[in-house]
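*Asks:* fold the following for me, if possible:
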Amino acid sequence: MIEFATSGVETYWWLPALAACLISMVTSTAGISGAFLLLPFQVSVLGFTTPGVTPTNLLFNVVAIPGGVFRYYREKRMVWPLVWTIAIGTVPGLAAGVFIRLYYLPDPGLFKMFVGLVLIFIASRLISDIIKREEKIRSANGGNNRFEVTPLIFNFRRIAYDFNGEKFEVPTPMIFILSALVGMIGGIYGIGGGAILAPILVTLFRLPIHTVSGATLCSTFLTSTMGVLFYVLPSFTDGGSGAMPDWHLGLMFGVGGAIGIYFGARIQKLLPARLIKAVLGAIMFIISLKYIVGYFS
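*Replies:* Predicted coordinates:
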């Protein structure tokens, strides 16, 4: 057993890395780092309930994500215009979310309720998309086209790219505004925003999940880095230790997550998108119900 001084968590030394690895291997196939499931693990299993759990979760993203991003970049499935639009829009919202988390949602019970509502929203979007629509883009083994992204248009009005022989397009201003709103939620929840944006881009804007994953992971890394900086700035925390990240615990999570995300990115193109959505939707729905029911019990 080992005790992490900042958070007061006492657990087996290998458990944080193993949990992060397994979670990230599954969630990274959908462009999600796993932070949205790692946070409930910290709160419910490890008993880490102070505001410091949020920047610790963001630290996990900073350490874990680069390997997965490199894998998507190597496979030429990064939609860079989408990455920069999301990242630039998310940062101001993230700063607001950090402020709200520190001064208006410090209570663990209320925070769990908020977590439950965020997760049930994501789960409902994923499940409804599975029911209503057949996935157009199959895995690389199912077609003869190149499984790569080709940028076509990037300006203040729209972003367009080609993937697997089909053109996809989204309005730039709407992505920017949506990213700011999601950034605020991500700053409160400690997930960087990618866990919310990925399902929205897939369900609302009808982008193929095999192209969204790299962009949302990359933007999550950039905004999580900013989020950690916000939490350690004295102007936000007033020097209070309760809002500081547990650096050692966050690094342990990050090492395990880096391994999981890399292999998740590697196997993603072999999996059908409907299977990815179904697994994530089921996991998030169960956890969200647990937190919402627990708040009223």
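*Asks:* burial of Val232, as a residue count?
*Replies:* 14 (other C-beta atoms under 10 Å). Heads up, the C-betas are built off the backbone N, CA and C, glycines and all.
*Asks:* so how far is Leu59 from it?
*Replies:* In this view, Val232 and Leu59 are 10 Å apart by C-beta to C-beta, to the nearest Å.
*Asks:* give me the common contacts of those two.
*Replies:* Counting by C-beta atoms under 8 Å, 6 or more residues apart in numbering, the contacts common to Val232 and Leu59 are Pro245.
*Asks:* for the stretch 1-150 of the chain, what spans make up the strands?
*Replies:* Using DSSP state E, counting those that start in this stretch, the strands of the stretch 1-150 of the chain run over residues 2-3, 10-11, 149-154.
*Asks:* low-confidence ranges in the chain?
*Replies:* Within the chain, the segments meeting pLDDT under 70 span 106-108, 111, 132-146, 189-192, 234-242, 297.
*Asks:* quick one: the helices in it?
*Replies:* 15-27, 35-40, 53-74, 80-103, 108-132, 172-189, 194-203, 209-232, 234-237, 247-267, 273-296 (DSSP state H).
*Asks:* just to revisit the earlier point, who wins for proximity to Ser213 among the strands of the stretch 1-150 of the chain?
*Replies:* Evaluated with C-beta to C-beta, those place strand 149-154 nearest to Ser213, the distance being 11.1 Å.
*Asks:* ok, back up a step: the strands of the stretch 1-150 of the chain: which one's closest to Phe48?
*Replies:* Among these, the nearest to Phe48 by C-beta to C-beta is strand 10-11 (9.9 Å).
*Asks:* now distance to Ala64 too, for the strands of the stretch 1-150 of the chain, in CSV please.
*Replies:* Formatted as CSV, the strands of the stretch 1-150 of the chain follow (distance: least, C-beta to C-beta, whole Å):
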stretch, distance to Ala64
strand 2-3, 20
strand 10-11, 18
strand 149-154, 23
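*Asks:* deepest in the core, which of those strands is it.
*Replies:* Of the strands of the stretch 1-150 of the chain, the one with the most neighbours on average (mean count of other C-beta atoms under 10 Å) is strand 149-154, at a mean of 16.
*Asks:* of all the helices of the chain, which lies closest to Phe147?
*Replies:* Nearest of these to Phe147, taken as C-beta to C-beta: helix 209-232 at 7.3 Å.
*Asks:* show the contacting residues for the nearest residue to His248 once chain neighbours are set aside.
*Replies:* Using C-beta to C-beta, 6 or more residues apart in numbering and skipping the chain neighbours, the partner closest in space to His248 is Phe4 (5.5 Å). Applying C-beta under 8 Å, 6+ apart to Phe4 gives the contacts 10, 246, 248-249.
*Asks:* what do you get if the cut-off is 10 Å, keeping everything else the same?
*Replies:* Counting by C-beta atoms under 10 Å, 6 or more residues apart in numbering, Phe4 touches 10-11, 13, 16, 46, 48, 56, 246-250, 252.
*Asks:* most neighbours, which of the residues you listed?
*Replies:* Neighbour count (other C-beta under 10 Å) singles out Thr56 as the most crowded of those, with 32 neighbours.
*Asks:* do you know how far that residue is from Ala64?
*Replies:* 12 Å.
*Asks:* also Arg206?
*Replies:* From Arg206 across to Ala64, the span is 28 Å (C-beta to C-beta).
*Asks:* those two - which one has more neighbours?
*Replies:* Ala64 (33 against 13).
*Asks:* which residues touch the residue nearest to the more buried one when sequence neighbours are not counted?
*Replies:* Once flanking residues are discounted, Ala64 sits nearest to Gly257: 2.9 Å by C-beta to C-beta, 6+ apart. Listed by C-beta under 10 Å, 6+ apart, the contact set of Gly257 reads 16-17, 19-25, 27-28, 33-35, 38, 60-61, 63-65, 67-68, 264.
*Asks:* Leu152 versus Gly257, what's the distance?
*Replies:* Separation of Gly257 from Leu152 (C-beta to C-beta) stands at 33 Å.
*Asks:* ok, now Leu181?
*Replies:* For Leu181 relative to Leu152 (C-beta to C-beta), the value is 27 Å.
*Asks:* so what sits against both of Thr56 and Ala64?
*Replies:* When contacts are counted by C-beta under 10 Å, 6+ apart, the set common to Thr56 and Ala64 consists of 35, 38, 250, 253-254.
*Asks:* list just the nearest of those residues to Thr216.
*Replies:* Using C-beta to C-beta, the shared contacts of Thr56 and Ala64 come closest to Thr216 at Ala35, 11.9 Å.
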